[in-house]
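Engineer: Show me how the following folds:
(3 chains)
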Amino acid sequence: MWEIRFHGRGGQGAVIASKILASALFREGLYTQAFPSFGAERRGAPVAAFLRADRAPIRVRGEMAGADHLLILDVSLLALPDLLKGYRESGWIIINSPCAPLDLGFPLHYRVATVDADRIAWGLELGSRAFPIVNTAILGAFARASGLVSVECLNDAMNPFISVKPERNRKAIRQAYEEANLSAPRPFEVEPCAQG
Amino acid sequence: MRAGIESSQTSTLVAISTGTMDWNHTGTWRTLKPVFQTFIPPCELGCPTGGKMREVAALLAADRLREAWETLVMNNPLPAVCGRVCNHPCEEACSRKELDEAVSLRGIERHLGDLALKNGWHFSPPDQIWPERVAIIGSGPAGLACAFHVRRLGYGVTLFEARETPGGLLRYGIPEYRLSRGILDGEISHILSLGIELQLRRSLGQNLWIQDLQGFRAIFLATGLSKSRRLYIPGETLPGVLSGLEFLDTVNSNSRPNPGHHVVVVGGGNTAIDAARSALRLGARTHVVYRRTREEMPAISEEVEAARREGVEFTFLTIPVSIEHSQETTSGRTSLRLCCRRARFGTSDAGGRPQVFPIPHTDFIIDGVTSVIAAVGEEANLEELDLSHLQSDGGKLALSAEQESVIPNLFVGGDLASGADTVASALASGKQAARAIQRRLRGLPEGISPETPWTGKINPDYFLSSPRASAATLRLSQRESSFAEVNQGLTHETAVQESRRCLSCGLCTRCEVCWAFCPDRAVEKGDDEYWIDYEHCKGCGICAVECPRGVIALALEHPYAGREL
Amino acid sequence: MESLKAGAQVIEGNTAAVIAAALARVQVIAAYPITPSSPIVESLSDLCAQGKLQARFIPVESEHSAMAACIGAAMTGCRTFTATSSQGLALMHELLHWSAGSRLPIVLVNVNRALAPPWTIFCDQSDAFSQRDTGWMQIYCETAQEVLDSVLQAYRISEEVLLPCMVNMDGFYLSHTAEPVEVPDPKEVDCFLPGFEPRFHLDAADPHAFGGGTAPAPYMEFRHQMQEAMEEAKDRIVRVGEEFGRQFGRSYGLLELYRAENASLLVVTSGSITGTAREAVDGLRDQGLAVGLLRVRFLRPFPAEEVRRAVSSAETLLVLDRAVSYGQGGTLAQEFKAALYGQDRLQIFSIVMGLGGAPVTRQMIEETTLMALERTLDPCRSHWLGGTI
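Structural biologist: Numbers count the residues shown, from 1 in each chain, chains lettered A, B, ... in the order given. Below is the predicted model:
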């Protein structure tokens, strides 16, 4: 089973991103389960979303303690304690940041990918100047780094979730896929990690 | 568990909070940041002198009368005068108009000016005295304002006046029923008592020359407009045809002229209305002929209305075409025939005013006219003042943005500089000249106001409609043949009541609305000011939306704010 | 395990309920939003407003009014739907009795949420369990797929036995969790669930008073008929579940057994805990322990006979309750004790866990099961697990 965790702020689209990825991975042939950190979501407040993916149907529900991959939609969240809690070092940390992966101060062996998703979202007028919506861009970077999902699958999966500016969101996925900055070469195959 | 709600292992049986949620720094969620700001209100922006009417109204409402007056005269030393004759652009800009009617700021100003005269309040002397002296030529509103401000800055001032009494247009142009001479004299003597030397009967170009003023480090020239514009029609030199200024000068010099029983005034400005209402008081049937309509009249609207009520007749969209001797004679006096032509509006000119075109074959005669008063504007007479060398190629005065002429340290202001403008503009030009002189003599930079103009809006939900207080006026029967002041001013009670109608645009009054509405209790109340607890403000913007008077601005916050695309 | 089907979509439990209501061609929806069921109400309102669903959406000012409007609509013979949660269901209480007593086949999706105070929006099943005596049938779903399938079956069963049916899904664990769900073809659903043919209904041309004042003797009879209808429903539930299976490939019954063959201990669950409990059972079986699982799908009618049959070879029942009846303990445990009265060889342990969204993990279930096997739990009281206890 792969466990993927999203961190963002209310309004950035982290929860929708988790659902799009769940749908895309399902199209890639995996069983998936996606859920937000339960409770009221408020604009700007830190939110998390969780995604399980497995070759077998997923029966377990509720808390997800570990994470193979982390998708961080707002770089300021790195200041939160426990943001990387449960991170299994074989997976990728995808961060919305204009910086190079090595400049973010992670241990050198972490697989880190950065993408300037804010700039991509601004350029495509996704969200507002104060609050760009970066969820599709971060997924593009994840596709590039992880190799778990194709850009085409993300495009197809996006449909029911994104009704506003779908074409621009597709461009965001593609642009982020191309611009993502990887700290390590992408592994040819990612084996599922231990179950959480 | 960090939240305020503790588990049942504590002694409570129900979820009773035992701490606060302060640890939760919800301010980190913010993308927009509310900021309390003090803005320049619309009335102050509207006033050429920058009168702080919002602050004045607040002080009056708090019964701090002397402070209210002192705040008022910081920008305008003639509140009792202006409170009577100003065209009150402050009131035109007043936000209260969106709710009901503008605050009677002019009434408040007059009341405070009158209070000062009654109570003998005096201007505070200059903080320091400088050795330089400044000459001011012309003691109309611009000259008086400049004298006041220059003196308060600490310079010696000599004020030259061509006539035998100071006041300029205020004295010779404005009739007494609008501005009593006692009030004018009182405020002028206030200014002079700051230590200003007044030289009367010194007329530029006759017994006063710029070259003789070498002892002065700066000169302010504000002699006004002395040349009345002509009608440019046949017959305008006939006896019985005179200019508005000429007529008013006679009226105001206490020699009551006899214009006869039927006066026609041509024009639509304040001079025309003043002349008409004066003629009425001298017993004439009076008629105003104006080429446009009531809406386009430059005269103060209340004055036009008063003239109408007093019995002045108006004929709009009418252009005089000639004046002839009439066959009629009444009580041994020859009279005039004024031939007029109807007009229509065409397209608007650059200034937005509709152009006027005569309609052929619509001539009509106004017969039996004893006087025709042409009040169609005034212009400067630079030759007479021996100021021809200050002209630019176009024949106009060449002035810098600071009103400085081609001769260094010779500043020009008032109507002489602007053509023809309001009393408030004249006062403003005197104030600006004083500042320019200060910068020139002391080299001080222009202080930049930390306040920005108010672009917000009042939130009408928070204000109850309350009618504008109106001043008592002289009964119509009392106005016949009397030059007593028509407008009696506000009573103290109504002035205070009126000051409370001020909405305080752009200035926090600590009304508590933001505090009450903030869902995060992030508005903190101090004794003197409010502030935002940015650790907990989520930037929802409710405070800014709800603020009754638009003092909370929303600024971009966040990592994004500083970044370039 | 069944394989992934191409027609499946990754959707949330709430969405599954919306799709089911649309597939059932409901005619009237009256609802008032409350977390976590709000998305159901919002989506249906949207679909009606956009004309994508040919149904009348009645916005109301409370859940009490929602059920009142459903009763009025159902009285005319309409297929009627509503959704609510927690305090909203509690506010409906009076009209739950009224709708059942009126024998109206209304279907209600209740998204289980704990009751306040202290204020909470998180999951437990106390809201629905405390309505078990209103005359409503109650289904507890394990997956979003089951939510969709159960709403369709609920209309079939309700319209046959003329009792309303409450389809329960755990708040957030199902309502807000996206997972693959097969959405059946509308034409096939129409075959399975034709339009409602009421046996009686309000008709202006044939006026009658409904539910008017009744003498004691016939009142007793009306109530007895409701009890009979509940008994009759058990058979209908099984038949409808089997028919559904034949048509759509997923069969359902009153309860479900998992690895129960020769099990000496059965873990008893309802709702979304089941998935996690299956993992625990697998783990324990891997250790060689004879442990199985019994999932209660219907709480009302309570399948007492099926339960007795299912536990015939077991020695221990470990009943996991995400609800509590204060002064008695786990609600589901009481139901089992009552149904199994006289079977003295059985030890029935009651576990109360997961109230107000407190996490329930595989490890918790495994450890408790081991204690139950070792009989170190007290059968005379309920054991509370998790949270800050």
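Engineer: pLDDT wise, what is the residue of the stretch 251-400 of chain B found nearest chain A at?
Structural biologist: Relative to chain A, the nearest point of the stretch 251-400 of chain B is B:G352 (36.3 Å; C-beta to the nearest C-beta). C-beta here means a position set from N, CA and C on the backbone, and glycine is covered the same way. B:G352 is assigned a predicted lDDT (pLDDT) of 81.
Engineer: Name the secondary structure element that contains it.
Structural biologist: Using DSSP states H and E, B:G352 sits in no helix or strand.
Engineer: C:G387 now?
Structural biologist: Going by DSSP H and E, C:G387 is not in any helix or strand.
Engineer: Same question for B:L416.
Structural biologist: Going by DSSP H and E, B:L416 is in helix B:414-418.
Engineer: For C:V189, which three-state class applies?
Structural biologist: helix (DSSP: H, G, I helix; E, B strand; the rest coil).
Engineer: Please look at it and C:I19 and confirm they touch.
Structural biologist: No. Using C-beta atoms under 8 Å, C:V189 is not in contact with C:I19; the gap is 10.0 Å.
Engineer: so how many other residues sit close to B:L13?
Structural biologist: If you count neighbours by other C-beta atoms under 10 Å in any protein chain shown, B:L13 ends up with 7.
Engineer: For it, grab phi and psi.
Structural biologist: Backbone torsions for B:L13, taken as degrees, to the nearest 10, come to phi -100, psi -20.
Engineer: What count of nearby residues applies to A:N155?
Structural biologist: Neighbours of A:N155 using other C-beta under 10 Å come to 18.
Engineer: Checking it next. Helix, strand or coil?
Structural biologist: Quick answer, by three-state DSSP: A:N155 is helix.
Engineer: Would you check that it makes contact with A:I173?
Structural biologist: Yes. A:N155 lies in contact with A:I173 (C-beta under 8 Å); the separation is 6.5 Å.
Engineer: what about C:G283, which SS state?
Structural biologist: Under three-state DSSP, C:G283 falls in the helix class.
Engineer: can you tell me how far it sits from chain A?
Structural biologist: Separation of C:G283 from chain A (C-beta to the nearest C-beta, to the nearest Å): 11 Å.
Engineer: Excluding covalently adjacent residues, which one is nearest to that residue?
Structural biologist: With sequence-adjacent residues excluded and distances taken as C-beta to C-beta, 6 or more residues apart in numbering or on different chains, C:G283 is closest to C:E366, at 5.7 Å.
Engineer: residue contacts, that neighbour?
Structural biologist: Listed by C-beta atoms under 8 Å, 6 or more residues apart in numbering or on different chains, the contact set of C:E366 reads C:280, C:283-284.
Engineer: okay if I get these as JSON lines plus pLDDT, distance to B:A272 and neighbour count?
Structural biologist: Formatted as JSON lines, the contacts of C:E366 follow (pLDDT from 0 to 100; distance: C-beta to C-beta, whole Å; neighbours: other C-beta atoms under 10 Å in any protein chain shown):
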{"residue": "C:A280", "pLDDT": "98", "distance to B:A272": "100", "neighbour count": "24"}
{"residue": "C:G283", "pLDDT": "97", "distance to B:A272": "103", "neighbour count": "16"}
{"residue": "C:L284", "pLDDT": "98", "distance to B:A272": "106", "neighbour count": "22"}
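Engineer: Stretch C:376-389: end-to-end distance?
Structural biologist: From its first residue to its last, stretch C:376-389 covers 19 Å (C-alpha to C-alpha, to the nearest Å).
Engineer: can you check stretch C:372-386 too?
Structural biologist: 17 Å.
Engineer: Tell me the buried residues in that stretch?
Structural biologist: Neighbour-count burial for stretch C:372-386 flags C:372-373, C:377, C:379, C:382-385 (criterion: 16 or more other C-beta atoms under 10 Å in any protein chain shown).
Engineer: same thing with stretch B:26-41?
Structural biologist: Buried residues in stretch B:26-41, counting neighbours by 16+ other C-beta under 10 Å, are found at B:26-34, B:36-37, B:39-41.
Engineer: Looking at the residues you listed, which are in strands?
Structural biologist: Residues of those located in strands (DSSP state E): B:32-34, B:36, B:39-40.
Engineer: Lowest pLDDT pick from the buried residues of stretch B:26-41?
Structural biologist: Minimum pLDDT across the buried residues of stretch B:26-41 falls on B:T31, with 81.
Engineer: surely B:L112 meets B:L65?
Structural biologist: Yes. B:L112 is within contact range of B:L65, at 7.1 Å (criterion: C-beta under 8 Å).
Engineer: Those two: which is more packed in?
Structural biologist: B:L112 (27 against 19).
Engineer: From B:L60, how far off is the more buried one?
Structural biologist: 7 Å (C-beta to C-beta, to the nearest Å).
Engineer: which residues are in contact with both of these two?
Structural biologist: Shared contacts of B:L112 and B:L60, counting by C-beta under 8 Å, 6+ apart, come down to B:68, B:495.
Engineer: residues making contact with stretch A:54-62?
Structural biologist: A:1-2, A:29-33, A:52, A:192, C:1-2, C:173, C:177, C:179, C:272-276, C:278-279, C:359-362.
Engineer: quick one: buried residues of it?
Structural biologist: For stretch A:54-62, a neighbour-count test (16+ other C-beta under 10 Å) marks A:54, A:58-62 as buried.
Engineer: so how far is the stretch of helix or strand A:E152 belongs to off the chain centroid?
Structural biologist: For A:E152, the enclosing helix or strand under DSSP H and E is helix A:151-158. Remark: helix A:151-158 is offset 14 Å from the chain centroid, using C-alpha atoms, centre = their mean, to the nearest Å.
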